[in-house]
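Visitor: Generate coordinates for the sequence data below:
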Amino acid sequence: MKSAVSRGVVAVSVVAALGLTAACSGSSDSKGDGGSGGSGGKKPSNSADAGGGSAAEKLEKSALAAGDVKKYKVEKESPGGSDASTPPAAAVRPGECRSLSDMLGATAPEGTKANVVRTLSSTDVEDATTTGVELLAYDRATAEQTMDALRTASKSKKCATFGTGGHRYFGVRPQPASVGGDESVSFKLARRAGEFLARDKVTVVRSGSTLMSFHASNVFDPKAVKSARDGDPEVAEAIVDAQLAKAEKAEKAEK
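Guide: Sure, this is the predicted structure:
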């Protein structure tokens, strides 16, 4: 992929931050396609959980930092809350695709207690993919409902194309995802960015009540690649492994 990207990529300004969080072992098909919208309509909160410390503080301990992933620069981003910056359900067309839209920005979906965001970029100049890693704290039931909603929407023909805000996403397809945690979901999609094409791949992992979202993105000139699949971003295994390991370590330290 690197050679294709180095030929075709002309910009890498897509902010890749979406996502969800956790750690341990499971697969994307460990649960059925059913499920509710996942948000539960609850307001986010940073109130203290059992075991001491706020939800945000616990996520910070689990989040990636400089030096955690070899050959990657890690930058801390300011997470958004579930406020006016989060598109209302009515702004996502069709509404059934809201769960996918929620994973495409650094704002926390409704129902989260806290979220933290990191952006990773490779030190390899030929790798133009940026990867956003977002950790989201939920209660257990809402976390499971969110995964169900993501799984259903990523497979739905109604969500093969959807709009949110000023963006129109297309080519939505579920992808294999068995990367650890209690369960995982992965999907890819694309959107136009002027004369260029922005492509995204999102993998979401649940560990207990925490979701980890890995959002790989790049922007390239579709005329500069040889085939339709050249330039597709991939979520690097090294990033996923490092995040899962750090989350697991932080969880053990809490006990």
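Visitor: Give me the helices and strands touching the helix or strand that Lys249 is a member of, please.
Guide: Assigned by DSSP states H and E, Lys249 belongs to helix 237-254. When contacts are defined as 3 or more CB pairs under 8 Å, 6 or more residues apart in numbering; DSSP states H and E, helix 237-254 packs onto helix 55-62, strand 130-137, strand 196-207, strand 210-220. C-beta here means a position set from N, CA and C on the backbone, and glycine is covered the same way.
Visitor: go with 6 Å
Guide: helix 55-62 (3 or more CB pairs under 6 Å, 6 or more residues apart in numbering; DSSP states H and E).
Visitor: Run through the helices of the protein in chain order.
Guide: 2-8, 55-62, 98-102, 140-155, 237-254 (DSSP state H).
Visitor: Of all the ones you listed, which one is nearest Arg118?
Guide: Judged by CB to CB, the one of the helices of the chain that comes nearest to Arg118 is helix 237-254, at 8.7 Å.
Visitor: tilt between that closest one and strand 210-220?
Guide: 160 degrees (axes from the mean of the first three to the mean of the last three CA atoms, to 10 degrees).
Visitor: got the CA coordinates for helix 237-254 in CSV?
Guide: The C-alpha coordinates for helix 237-254 follow below in CSV (Å, rounded to 0.1, in the frame of the first residue of the first chain):
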residue,chain,number,x,y,z
GLU,A,237,-1.9,-3.7,14.0
ALA,A,238,0.9,-2.1,16.0
ILE,A,239,-1.5,0.7,17.1
VAL,A,240,-4.3,-1.6,18.0
ASP,A,241,-2.0,-4.0,19.9
ALA,A,242,-0.4,-1.1,21.8
GLN,A,243,-3.7,0.4,22.8
LEU,A,244,-5.2,-2.9,23.9
ALA,A,245,-2.1,-3.7,26.0
LYS,A,246,-2.1,-0.3,27.7
ALA,A,247,-5.8,-0.4,28.5
GLU,A,248,-5.4,-3.9,30.0
LYS,A,249,-2.4,-2.8,32.1
ALA,A,250,-4.4,0.3,33.3
GLU,A,251,-7.4,-2.0,34.2
LYS,A,252,-5.2,-4.3,36.2
ALA,A,253,-3.6,-1.4,38.1
GLU,A,254,-7.1,-0.3,39.1
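Visitor: could you give the angle of that helix to strand 130-137?
Guide: Using the same axes, to 10 degrees: helix 237-254 against strand 130-137 is 20 degrees.
Visitor: quick one: low-confidence parts of this protein?
Guide: Under the criterion pLDDT under 70, the flagged ranges of the chain are 1-53, 79-87, 89-90, 106, 225-231.
Visitor: Tell me which of the helices of the chain sits nearest to Leu197.
Guide: The nearest among the helices of the chain, by CB to CB, is helix 2-8 at 9.2 Å.
Visitor: what's the spacing between Thr193 and Arg199?
Guide: Careful, residue 193 is Ala and not Thr. Separation of Ala193 from Arg199 (CB to CB, to the nearest Å): 10 Å.
Visitor: So which of the two has more stuff around it?
Guide: The residue with more neighbours, out of Ala193 and Arg199, is Arg199; 22 against 15, by other CB atoms under 10 Å.
Visitor: ok, what's across the strand from the more buried one?
Guide: Taking DSSP bridges, one finds Ala190, Asn218 as the beta-bridge partners of Arg199.
Visitor: from memory it sits against Leu189, does it?
Guide: No: using CB atoms under 6 Å, Arg199 is not in contact with Leu189, being 7.7 Å away.
Visitor: Sketch out the strands for the stretch 1-150 of the chain, chain order is fine.
Guide: 9-11, 72-77, 92-93, 114-122, 130-137 (DSSP state E, counting those that start in this stretch).
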